[in-house]
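# Sharing a model that was predicted from the sequence below.
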Amino acid sequence: MVLGRSYQTFFLGNGFKQHYVDEGPKGSETLVFLHGEPTWGYIYRNFIKEFSKNFRVVVPDHMGFGKSETPQDKVYTLRTHTENLAALIKHLDLDNITLIGQDWGGANFWSTLT
C-alpha cells in the first residue's frame with residue numbers, strides 16, 4: 001500500500017524485518033515520527049503528505065507493530081526499541097533530525113537522545 005507518494009521499505013539490520021516509510025527531499029531536515037502502543041506508523045498517514053513537501057519524513061514501525069516482523073526470539077523492552085531506532089537512524093544516515101513521538105513513542109525518542 002502506498003500512502004500518497006510514500007516510499008515504504010524494510011530494514012533488516014536489527015535481526016528482524018523492520019518496516020518504515022521514507023518520503024520527502026533527502027538532505028533536508030528530517031522528521032522522525034514514532035508511534036505509541038498499540039498503534040503503528042499508519043497513525044501518521046495524514047501527516048506524511050503535508051510534511052514531506054518541506055521535510056524528509058521517516059515513520060518506522062516498531063518491532064512487533066504494523067508491518068514490522070514480530071520475532072519470538074527478541075526481548076521487547078524500551079532499550080531494545082531504542083537500539084532498533086538508533087540502528088535505523090544510522091542505516092539511513094540521518095542527521096538534523098526532529099523526533100516526534102506520542103505515547104511510549106515519546107519515551108523511545110527521549111531514550112534515543114541519551
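Alright, I've got the coordinates. Numbers count the residues shown, from 1 in each chain.

# And stretch 50-65, end to end?
One end of stretch 50-65 sits 24 Å from the other (C-alpha to C-alpha, to the nearest Å).

# Now that stretch: buried residues?
The neighbour-count check on stretch 50-65 (16 or more other C-beta atoms under 10 Å) flags 51-52, 55-65 as buried. Backbone N, C-alpha and C define where each C-beta goes, glycine included.

# Tell me which two in these are the farthest apart.
Pairwise distances across these peak at 27.2 Å for 55 and 64 (criterion: C-beta to C-beta).

# Quick check: closest non-adjacent residue to residue 51.
Once flanking residues are discounted, residue 51 sits nearest to residue 57: 5.1 Å by C-beta to C-beta, 6 or more residues apart in numbering.

# Test my guess that residue 92 contacts residue 58.
Yes. With contact defined as C-beta atoms under 8 Å, residue 92 counts as touching residue 58 (6.6 Å).

# Return every residue with contacts to both of the two.
residue 22 (C-beta atoms under 8 Å, 6 or more residues apart in numbering).

# could you pull out the helices for this protein?
For the chain, the helices defined by DSSP state H occupy 45-51, 78-91, 104-113.

# hmm, back to that, show the contacting residues for the residue nearest to residue 51.
Residues counted as contacts of residue 57 (C-beta under 8 Å, 6+ apart) are 21, 22, 23, 24, 30, 31, 33, 47, 48, 51.

# Tell me the bridge partners for it.
Counting by DSSP bridges, residue 57 is bridged to residue 23, residue 31.

# Next one: it from residue 24, what distance?
Note on residue 57: its distance to residue 24, by C-beta to C-beta, to the nearest Å, is 5 Å.

# Could you name every residue contacting both of these two?
Both residue 57 and residue 24 are in contact with residue 51, where contact means C-beta under 8 Å, 6+ apart.

# The residue nearest to residue 51 and residue 22: what is the separation?
From residue 57 to residue 22 the distance is 8 Å (C-beta to C-beta).
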